[in-house]
Structure formats: structure tokens, C-alpha cells
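**Student:** What would the 3D arrangement of this be:
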Amino acid sequence: MHELRQVLKGRLVTPDDPDWEQVRRGWNLSVDQQPAAVVEASGPNDVEFTIAYAGARGLKVAAQAGGHGATRALDGTIVVRTSALDDVWVDPHARIARLGAGVRWGTVQAALDGTGLTGLPGTSSNISVAGFCTSGGFSWFSRPYGSGAGSLRAAEIVDGSGICRWIDDSVDPDLMWALRGGGGNFGVVTSVEVELHPAPEITGGRLMFPIEQSEAVLTAYAKATQEAPEQVTLWAYLIHYPHSPALPDAVRGKSFCMVDAITPYEPAALEGVLSTLRAAGTPVADSFTPLSPSGVAEMNAVPAPPQALSLITSTFDELTPELIGTLLEYAGQPSLIFQVQIRHLRASGEVGHPGVAAADPRAQYMVLAVSIVPVPELQESAETALRALKETLAPWHTDELPPTGLSAWESLQDSISEPDLARLREIKQRVDPLGVLVGNYPLV
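**Tutor:** Okay, the predicted model is just below:
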């Protein structure tokens, strides 16, 4: 790849380089991705050069802003990392932000402090905004404001022919529809324009209960979600902290049932649902407080360092006693399943900007189960436990998930309806006829 290295301003890393083993890996260390090379792009020109080089030689290119979204679909590709594309421009009057493809949600939220606005961050401040929005994106504020994909206004992309262009719904509505969920299958995104949303008085926090009170707390959570107004988000967890010296004494080696709640306005709207939850048990922690936009990015302290994990997701309409019992059977005691999370979804039927993963889900809830794998020898057992839980949840499953909810071993076919897949394939043929571009979840 000498010719490519000669024209890049950024860095080309190949298996011959001493830090290859570190650079080739994604954030999820359980996915042993094996690309042919990694380009650490310094700007859109490097992406153009890379795609043109690959297209002329029958190679494939995949985008990975900072390492999240690793799957084995990226094996043999030239992976383009866009972490260095970190420009941030915010217009609080127009309520929009233009962001380089490497910008993470934590950076955006910090830039919004004092503006009365928020983006749509999820549980990790370390996720790139571009990757979040092009894969669907569930946020703390998805109930009042919809998905990350629905808030994507425009994007600068390099398409399969190596041409960089700025697109929005007025320029290429079909391609924008595909980008809002189809992600890297249709272009390497180099910057995005996203909508910002009113957040004049953010309030949020966490209730932590002993794991023994889980059944009562989850029953109260089911009631609270049915009573909650649209601006209130409630997520519940069963979580088992490991015996790690990096953890504080208060949680190390202990298990809890927790509920996070947040609203971007009208803090009084929280009071009713919180009283229902507080009455269900004896909280060992109750941390509700006013939050800045940057504080929202840290609501759920998801570890940022790379680690090995696997996950499954499913959706359902009602949190019944039978479903609660099933979740407690699989995750009520310490096991290979580190955490089960229940998210209350918007399910309003309203759509922001149209996209394949932009519409609100028809389901009321999403369950997400995670295994953190301390040693490679446990990887297969952890995946087996997760697959068994997903199979057990199948009778309650009610709706497709956006790509943001897929496991590393799943595909877009597990997420998107056949009519939408057919439309995506037509758009793919137009913008990438040689099939140079590969998403984390490829379109086949």
C-alpha cells in the first residue's frame, strides 16, 4: 500500500507496523476484527484517497470513528478512523450543531452548557455523534425528541466513487433516508449537522435498591412508566458489580436494582414517578439533582476504556409479572450476564427527519443484556447465556430494532423489514455500484 501512504496526510497502519495489534482492534475487545489496514484520516481528502485507491484495486473500505461498532464484517477491509475530524460548531439560535465525524457526545454536551439546549446523548459520552445518528441512536431524551437518526439534518460524506459531497433532504432525500440507520454502507461520513433541542431545566439521577427488592422495584417501574409524561425517561437495571479494585467500596462485588430518570424540562414531572419508585423499597442511594448538558453525558457511568463484552436486545409492549420473573431468573443473581437494562421507549409514532431507523419504535420497551468477559475463555459461554436469554424473551418480542441495538453476530436483516432492505439495496447500487463500502452491519 505504498502508493496510498504517499498521498495521505494522516497515517496508514498495516500489519508490518509495531503497534498494529493495538490499532486494528475496536473498542469491544471481544470482537477480534482483522482489517487489512487502518487509515487514521486527517481530513476528508484522506478518505477520498482511500476510497479511490480501494475501488481501483477491488478492495473494501469501512468507517470506524473511534473504534465502536466493531464486527467481523470489517475483516479484510481498509478501516478508516475519523477521530481526528473534531471540529465543533454550534448555532444556539438556529438550534443546530455541525460536527466532525470524530466528535463524541461528551464534547458536544460540554459545548452546550449554558445554552438551554441539549443533543441526544446515549449512555456513553465516548460514542461519536456521527456513528450514533447513522445507526439509529437511543438517547436519554428520545422520549420527547425522538431518535438520533431522526435528528440528523445533513452530512458530508465520501461515497463509493471517492467523491466528497454535502447532502441533505433537499439534495438527495433517498440517500439521507438510507444514512439514517444504514450508516457506513452508503458513505464514509466526515461531518454531520444535527438538531439541538430545548433543555431549560434538566433534572436527573439514580435510585439504587438492594437486589433483593428487584421484583417490587420492577413492578413499580412498570407502573411508573405507564404514568410518566413524555418528557420523562425511565431506565431500569439489574446489575452485578465485579470484585474489581477499580470500583468504590460501596458497589464492589455487590448487586443492585437501579432506576435512572431524567427530564429536560419541568422537573416537577419527575415527582409522581419517583414517589411510586421510592415507595417500592429502601433506596441505598438517591442522587436526583439539577444537571447541566455536560452532566447528562455522565448520567450512566459506562466505562470508556476498551473492554470485551457481548450484548443482546429485544423489544416488548408490556412489563408483565411473567416477564419480570423471567428477567430475574436469568439476571437476578451474579452470573455471566453482568447487566440487564430495561429502557422505556417513546413509541409515539412521530418521526423527525425520515430514515430507515429514524421512526420511533412501535414497542414500549427495550431490554438490553450485557456480558463483560474478563478472560477470552469465557467468551463462548457468555454468548451462549445471552442467546439463551434472547430465545426465552422471544414470546414477548414485538418489533424490529434499529442497528444500534444489534449484537456483533447479527446483521441488518435482523433489524430492518424486507421492503426497506430492498429500497436500501437500490440506493446502495446507485451510490456504491462497485460495493467498495462496508458497514459494521453490511447490506447484502
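**Student:** what's stretch 365-373 in contact with?
**Tutor:** Contact partners of stretch 365-373, identified using Cβ atoms under 8 Å, 6 or more residues apart in numbering, comprise 30, 138, 225, 242, 307-319, 327, 330-331, 336-345, 379, 382-383, 385-386, 389-390, 393, 401, 405. For every residue, glycine as well, the C-beta is placed using N, CA and C.
**Student:** Sort out for me which of those are in helices.
**Tutor:** 225, 327, 330, 331, 379, 382, 383, 385, 386, 389, 390, 393 (DSSP state H).
**Student:** buried residues in stretch 45-65?
**Tutor:** 45-55, 59-65 (16 or more other Cβ atoms under 10 Å).
**Student:** cool, and stretch 162-179?
**Tutor:** By 16+ other Cβ under 10 Å, the buried positions in stretch 162-179 come out as 162, 164, 167, 169, 172, 174, 175, 176, 177, 178, 179.
**Student:** Can you get me the start-to-end distance on it?
**Tutor:** End-to-end distance for stretch 162-179, by Cα to Cα, to the nearest Å: 17 Å.
**Student:** that older thread, ok, so of the buried residues of stretch 162-179, who is nearest residue 95?
**Tutor:** Of all the buried residues of stretch 162-179, residue 95 sits closest to residue 169, with 17.0 Å by Cβ to Cβ.
**Student:** Quick check: that closest one touching residue 176?
**Tutor:** Yes - counting by Cβ atoms under 8 Å, residue 169 touches residue 176, with 5.2 Å between them.
**Student:** where do the contact lists of these two overlap?
**Tutor:** With Cβ under 8 Å, 6+ apart, residue 169 and residue 176 have common neighbours 154, 353, 354.
**Student:** coming back round to it: would you check which pair of the ones in helices among the contacts of stretch 365-373 lies furthest apart?
**Tutor:** 225 and 379 (33.7 Å).
**Student:** of those two, who's got more company?
**Tutor:** A count of neighbours by other Cβ atoms under 10 Å puts residue 225 above the other of residue 225 and residue 379, at 24 against 19.
**Student:** quick one, what contacts the nearest residue to the more buried one once chain neighbours are set aside?
**Tutor:** Once flanking residues are discounted, residue 225 sits nearest to residue 344: 4.4 Å by Cβ to Cβ, 6 or more residues apart in numbering. Residue 344 is in contact with 143, 225, 228, 233, 234, 235, 364, 365, counting by Cβ under 8 Å, 6+ apart.
**Student:** ok, 7 Å please
**Tutor:** By Cβ atoms under 7 Å, 6 or more residues apart in numbering, residue 344 lies in contact with 225, 233, 234, 235, 364, 365.
**Student:** Residue 116 now?
**Tutor:** Residue 116 makes contact with 198, 199, 200, according to Cβ under 7 Å, 6+ apart.
**Student:** Out of the residues you listed, flag the one nearest to residue 79.
**Tutor:** Nearest to residue 79 among the contacts of residue 116, with distances taken as Cβ to Cβ, is residue 199, at 35.0 Å.
**Student:** Check the burial of residue 376 by counting its neighbours.
**Tutor:** Around residue 376 there are 11 other residues, counting by other Cβ under 10 Å.
**Student:** Which phi and psi values does it adopt?
**Tutor:** As for residue 376, its main-chain torsions (degrees, to the nearest 10) stand at phi -60, psi -30.
**Student:** Doesn't residue 367 lie inside a helix?
**Tutor:** No - going by DSSP: H, G, I helix; E, B strand; the rest coil, the assignment for residue 367 is strand, not a helix.
**Student:** partners of it in the sheet?
**Tutor:** Using DSSP bridges, the bridge partners assigned to residue 367 are residue 314, residue 342.
**Student:** Might you report the residue contacts of residue 180?
**Tutor:** Neighbours of residue 180 in contact, by Cβ under 7 Å, 6+ apart: 134, 149, 152, 353, 355, 356, 357, 358.
**Student:** where does it land on pLDDT?
**Tutor:** Looking at residue 180, its pLDDT stands at 95.
**Student:** same question, the one 5 residues further on
**Tutor:** The predicted structure scores residue 185 at 94 on the pLDDT scale.
**Student:** again, but for the one 3 residues further on
**Tutor:** The pLDDT attached to residue 188 in the predicted structure is 96.
**Student:** list the contacts for it?
**Tutor:** Counting by Cβ under 7 Å, 6+ apart, residue 188 has contacts 47, 51, 61, 63, 80, 157, 158.
**Student:** Is it correct that the first one is in contact with residue 53?
**Tutor:** What it means is residue 47. No - at 10.7 Å, residue 47 does not count as touching residue 53 under the criterion of Cβ atoms under 7 Å.
**Student:** coming back round to it: can you tell me which of the contacts of residue 344 are buried?
**Tutor:** For the contacts of residue 344, a burial check counting by 16+ other Cβ under 10 Å picks out 225, 233, 234, 235, 364, 365.
**Student:** Rank these by pLDDT and give me only the lowest.
**Tutor:** Among the buried ones among the contacts of residue 344, pLDDT bottoms out at residue 364, giving 91.
**Student:** one step back: just the ones in helices from the buried residues of stretch 45-65, please.
**Tutor:** 45, 46, 47, 48, 49, 50, 51, 52, 53, 54, 55.
**Student:** what's the closest non-adjacent residue to the second one?
**Tutor:** Residue nearest to residue 46 in three dimensions, not counting chain neighbours: residue 10, with 4.7 Å by Cβ to Cβ, 6+ apart.
**Student:** Then the fifth one?
**Tutor:** Of all residues not flanking residue 49 in the chain, residue 7 sits nearest, at 4.9 Å (Cβ to Cβ, 6+ apart).
**Student:** for stretch 418-430, which positions count as buried?
**Tutor:** 420, 421, 423, 424, 427, 428.
**Student:** Look up how far residue 230 lies from residue 259.
**Tutor:** Note on residue 259: its distance to residue 230, by Cβ to Cβ, to the nearest Å, is 18 Å.
**Student:** quick one: which of these two has more around it?
**Tutor:** Applying other Cβ under 10 Å to residue 259 and residue 230 shows that residue 259 carries more neighbours, namely 26 against 12.
**Student:** Quickly list what that one is bridged to.
**Tutor:** residue 207, residue 236.
**Student:** Does it touch residue 238 like I think?
**Tutor:** No - counting by Cβ under 7 Å, residue 259 does not reach residue 238; the two are 10.9 Å apart.
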